[in-house]
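Asker: Pasting the sequence and the predicted coordinates here, then a few questions.
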Amino acid sequence: MFMAAKDVINLKGEFYQYKLPHKVYEQPEVILPKKFSKLKTPEQLLATLFYSYVKKDKNLFLSLFDEKSVKIVKALPEDKYNQQMDVMKLITKPAINYAFKYNGGIVISWKDPLFKQARQIFIKKNKDTYKISSFKADKNDHYFWNVNQYMAGAPFKIYSPELLKTIKKIKNGQKKTLTFKLHRDGNYIHLIKKNSKKINLSLRDNYEQKNAPLQDSNFKIKYVDVILQGENFNESGKNTLYYLESTYPMTTVSIEDLKKAKELIIQKE
């Protein structure tokens with residue numbers, strides 16, 4: 001798995017092993033915006049938070065934070081706060097991706113069709129009430145990064161995506177587009193060279209990465225455009241590639257996974 005941090009403490013043979021309460025939703029759990037007077041569950045807190053976004057209710061919004069965190073929010077410049085709320089009020093279908101216990105609280109990942117990427121909040125329970133709290137995971141906190149990476153990659157499934165637009169021929173100086181339709185939004189497309197298990201190119205649906213030479217240029221959810229140029233191919237003539245879809249980032253492909261790969265032949269002129 002790509003980007004796994006070296007965590008010596010939790011290394012068990014060839015694997016990192018963690019045991020902690022968590023929940024991963026294969027189909028994200030939609031939370032409808034609704035105001036609750038008592039926040040006895042994480043879902044009630046989230047519903048009320050989303051309600052405060054839609055209604056732009058600042059007093060309600062601030063009441064959802066614990067004492068330490070509310071000071072941080074109040075310290076935000078008014079224009080920056082309003083700018084954020086103007087965006088958040090447009091949410092349409094907020095849903096939980098996953099949640100796990102961490103440092104006395106719960107990390108929750110949620111998303112909305114409004115955003116290209118998922119967002120996270122950290123909540124803690126004080127007596128019978130949940131509140132939004134603040135935390136910052138240190139870059140050396142390998143436990144957090146690996147657990148979070150695992151949750152984001154679940155359910156670790158491999159698919160054969162649909163190729164909607166292909167490339168038959170290409171030459172230096174040309175740019176052409178491959179278009180794929182995915183099984184699930186946010187998944188990855190991988191290109192693999194013939195007779196190789198190493199991933200040659202990976203792109204994630206609607207994910208923007210600064211300074212990345214290639215990224216998804218299709219803004220539609222569940223559709224990925226891969227723009228290739230002739231210079232991407234070192235050998236003239238027939239170039240055989242295989243393509244796969246996965247729910248998680250990969251560096252290599254197993255023999256079993258390759259069975260779901262489909263062939264793509266591009267002629268370099």
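Answerer: Nice, I can see it. Note that the structure is predicted; figures quoted are calculated from it, not measured. Numbers count the residues shown, from 1 in each chain.
Asker: check contacts around residue 194.
Answerer: Residues near residue 194 by C-beta atoms under 8 Å, 6 or more residues apart in numbering: 240, 241, 242. Backbone N, C-alpha and C define where each C-beta goes, glycine included.
Asker: Which residues does stretch 172-189 contact?
Answerer: 111, 118, 159, 161-167, 170, 202-207, 217-218, 221-231, 243-250, 264.
Asker: With stretch 115-123 instead?
Answerer: With C-beta under 8 Å, 6+ apart as the criterion, stretch 115-123 contacts 42, 45, 49, 97, 102, 105-111, 130-135, 152, 186, 206-208.
Asker: Buried residues, it. List them.
Answerer: Residues 116, 118, 121, 122, 123 are the ones in stretch 115-123 that count as buried (16 or more other C-beta atoms under 10 Å).
Asker: residues touching residue 93, list them.
Answerer: Residue 93 is in contact with 30, 112, 113, counting by C-beta under 8 Å, 6+ apart.
Asker: and if you look at residue 221?
Answerer: Residues counted as contacts of residue 221 (C-beta under 8 Å, 6+ apart) are 113, 185, 205, 206.
Asker: Reduced to three states, what does it come out as?
Answerer: Secondary structure, DSSP: H, G, I helix; E, B strand; the rest coil: residue 221 is coil.
Asker: ranges for the strands of the stretch 51-200 of the chain?
Answerer: 95-102, 105-111, 119-126, 129-133, 158-159, 162-165, 169-170, 175-181, 188-193, 199-204 (DSSP state E, counting those that start in this stretch).
Asker: And those: which comes nearest residue 55?
Answerer: Residue 55 lies closest to strand 129-133 among the strands of the stretch 51-200 of the chain, at 17.0 Å (C-beta to C-beta).
Asker: Of the contacts of residue 194, which is the most crowded?
Answerer: residue 241 (21 neighbours; other C-beta atoms under 10 Å).
Asker: in what helix or strand does that one lie?
Answerer: strand 237-246 (DSSP states H and E).
Asker: right, and residue 154 touches residue 98 too?
Answerer: Yes - under the criterion of C-beta atoms under 8 Å, residue 154 makes contact with residue 98 at 6.9 Å.
Asker: And the buried ones among the contacts of stretch 172-189, selectable in ChimeraX?
Answerer: Paste this into ChimeraX to select the buried members of the contacts of stretch 172-189, with burial taken from 16+ other C-beta under 10 Å:
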select :111,118,161,167,170,202,203,204,205,206,218,222,223,224,225,226,228,230,243,244,245,246,247,248,249,250,264
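Asker: Show the contacting residues for the nearest residue to residue 49 once chain neighbours are set aside.
Answerer: The shortest distance from residue 49 to any residue other than its chain neighbours is 5.6 Å, reached at residue 64 (C-beta to C-beta, 6 or more residues apart in numbering). The neighbourhood of residue 64, defined by C-beta under 8 Å, 6+ apart, consists of 39, 45, 48, 49, 52, 131, 132.
Asker: Of the strands of the stretch 51-200 of the chain, give the one that comes closest to residue 142.
Answerer: Judging the strands of the stretch 51-200 of the chain by C-beta to C-beta, what sits closest to residue 142 is strand 95-102, at 13.0 Å.
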